[in-house]
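> Structural data only, the sequence is not supplied:
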């Protein structure tokens with residue numbers, strides 16, 4: 001592997017793939033493309049070829065390796081325990097190190113995300129000027145582009161930037177519970193901070209109502225997952241170390257994360273990609289995804305939406321149920337809420353097609369994958385679909401818009417606030 005040394009660490013794991021094809025039955029990309037190169041065993045076979053010195057195989061390496069959502073359905077279904085997603089992400093890192101990134105990607109990941117000052121300032125300007133570039137969708141709380149931009153299709157549903165970001169209002173302050181039982185840190189995440197501060201407000205309320213005081217330090221930034229998915233591990237590590245330094249200042253034994261993708265980054269990726277840093281291990285061990293924290297608490301504090309009975313279904317995010325193994329807690333919380341009739345869709349853990357940057361680089365394919373999820377939701381007759389991943393929320397809102405479905409998309413924290 002002289003040309004891609006980043007893959008050496010996966011040598012034994014790579015050759016454990018016996019090409020049985022189990023991954024074909026669960027891969028959402030293969031379900032749409034039906035090409036061997038789009039499934040895990042095809043990608044691993046390509047990586048093997050390159051490992052054996054067949055550089056001719058490397059000609060389509062970039063394109064083929066990009067066709068992965070990182071949903072880990074293949075890993076979950078692999079009888080040999082092959083870490084296919086980790087290998088594919090390492091291949092993306094190898095490509096970035098060998099060939100670099102396009103100017104737009106490099107600008108977004110290394111100049112935009114990799115700062116705690118420039119990104120908020122630029123997005124604040126964007127929130128003031130978004131009317132110049134975006135137009136409102138009649139009858140919906142979303143926007144469309146007035147003209148095409150790289151990686152953004154004009155038909156895409158775009159939520160407006162918040163007029164006041166969550167950390168502008170609450171950052172650097174301790175939000176005290178009236179009858180404090182304990183204190184926790186709160187890692188907010190970019191989507192909550194800039195697009196859906198209502199998720200953050202709901203999180204604060206439900207924690208305060210249950211005796212938890214919250215510290216949300218305003219210097220926290222992107223968790224780094226977009227950089228990881230793009231193979232820019234250098235930027236990922238920089239963002240991780242910045243966030244670890246900030247979270248240390250919370251001085252709390254627990255750190256709550258309401259976005260399951262951010263939770264995956266903090267709980268699993270930080271220690272995996274910074275294994276020698278004791279501070280990372282210490283802070284990561286304190287992180288709890290919000291449903292873990294709430295699972296043993298009383299949910300009902302009232303009669304929900306004025307005693308109404310609302311049909312709700314739940315979308316289980318890939319990072320939550322496969323990577324973190326959190327499967328039952330969100331459903332049990334929803335079932336405990338008054339006024340909710342929880343109806344399970346046929347495949348709640350089917351990937352919605354977001355996959356972070358996959359949704360940007362392969363938008364049309366992403367929508368085809370999403371179509372299956374939206375049909376599952378439609379078949380339940382649900383008025384509300386609940387999830388706990390920011391990326392999934394954006395994708396599901398786009399899907400509801402594209403399909404003309406009158407279904408409300410709520411974060412788990414928002415659902416608890418609305419029905420408890």
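Great, that's in hand. Being a predicted model, the structure only gives us computed values, none of them experimental.

> Tell me which residue is most central in this structure.
With distances taken as C-alpha atoms, centre = their mean, the chain has residue 261 as the residue nearest its mean C-alpha position (3.4 Å).

> so where does it fall, helix or strand?
Using DSSP states H and E, residue 261 sits in helix 260-264.

> what's in contact with whichever helix or strand comes after that helix?
Per DSSP H and E, the first helix or strand lying C-terminal to helix 260-264 is helix 270-273. With C-beta atoms under 8 Å, 6 or more residues apart in numbering as the test, helix 270-273 has contacts from 228, 233, 236, 237, 240, 244, 280, 281, 283, 284. All C-beta spots, glycine's among them, are computed from the backbone N, C-alpha and C.

> May I ask which two of those residues are separated the most?
Using C-beta to C-beta, the contacts of helix 270-273 reach their maximum pairwise distance at 233 and 283, which is 19.1 Å.

> what sits against the residue nearest to the centre of the chain?
Contacts of residue 261 by C-beta under 8 Å, 6+ apart are 223, 225, 317, 319, 356, 389, 390, 391.

> swap the cut-off to 6 Å and go again
Going by C-beta atoms under 6 Å, 6 or more residues apart in numbering, residue 261 touches 225, 319, 389, 391.

> Look at it and report its pLDDT.
For residue 261, the pLDDT comes out at 97.

> for residue 183, helix, strand, or coil?
Three-state call for residue 183 (DSSP: H, G, I helix; E, B strand; the rest coil): strand.

> and it, how many neighbours does it have?
Residue 183 sits with 17 neighbouring residues when counted by other C-beta atoms under 10 Å.

> Could you do residue 69 as well?
The number of residues near residue 69, taken as other C-beta under 10 Å, comes to 24.

> sec struct for it, please.
coil.

> quick one, what contacts it?
Applying C-beta under 6 Å, 6+ apart to residue 69 gives the contacts 351, 355, 358.

> My guess is residue 387 contacts residue 314. True?
No - Residue 387 is not in contact with residue 314 according to C-beta atoms under 6 Å; the separation is 7.0 Å.

> picking that back up, can you pick out the residue with more neighbours from residue 233 and residue 283?
For residue 233 versus residue 283, neighbours defined as other C-beta under 10 Å are more numerous around residue 283 (25 against 22).

> Is residue 341 in a helix, a strand, or coil?
The three-state label for residue 341, taken from three-state DSSP, comes out as strand.

> what bridges to it?
residue 311 (DSSP bridges).

> Now for it, how many residues are close by?
Each residue near residue 341 was counted by other C-beta under 10 Å, and the total is 13.

> got it, and the one 3 residues further on?
Neighbouring residues of residue 344 were enumerated by other C-beta under 10 Å; the total is 13.

> My reading is that it lies in a helix. Confirm?
No - going by three-state DSSP, the assignment for residue 344 is coil, not a helix.

> separation between it and residue 389?
Distance of residue 344 to residue 389, computed by C-beta to C-beta, to the nearest Å: 18 Å.

> Please apply the same query to residue 77.
21 Å.

> Can you give me every residue that contacts the residue nearest to residue 181 when sequence neighbours are not counted?
Once flanking residues are discounted, residue 181 sits nearest to residue 211: 3.4 Å by C-beta to C-beta, 6 or more residues apart in numbering. Taking C-beta under 6 Å, 6+ apart, we find residue 211 in contact with 177, 179, 180, 181.

> one more time with 10 Å
177, 178, 179, 180, 181, 182, 297 (C-beta atoms under 10 Å, 6 or more residues apart in numbering).

> So what does it look like in phi/psi?
Backbone torsions of residue 211, given as degrees, to the nearest 10, read phi 80, psi 20.

> now it: how far from residue 227?
36 Å.

> ok, now residue 279?
Taking C-beta to C-beta, one finds residue 279 at 20 Å from residue 227.
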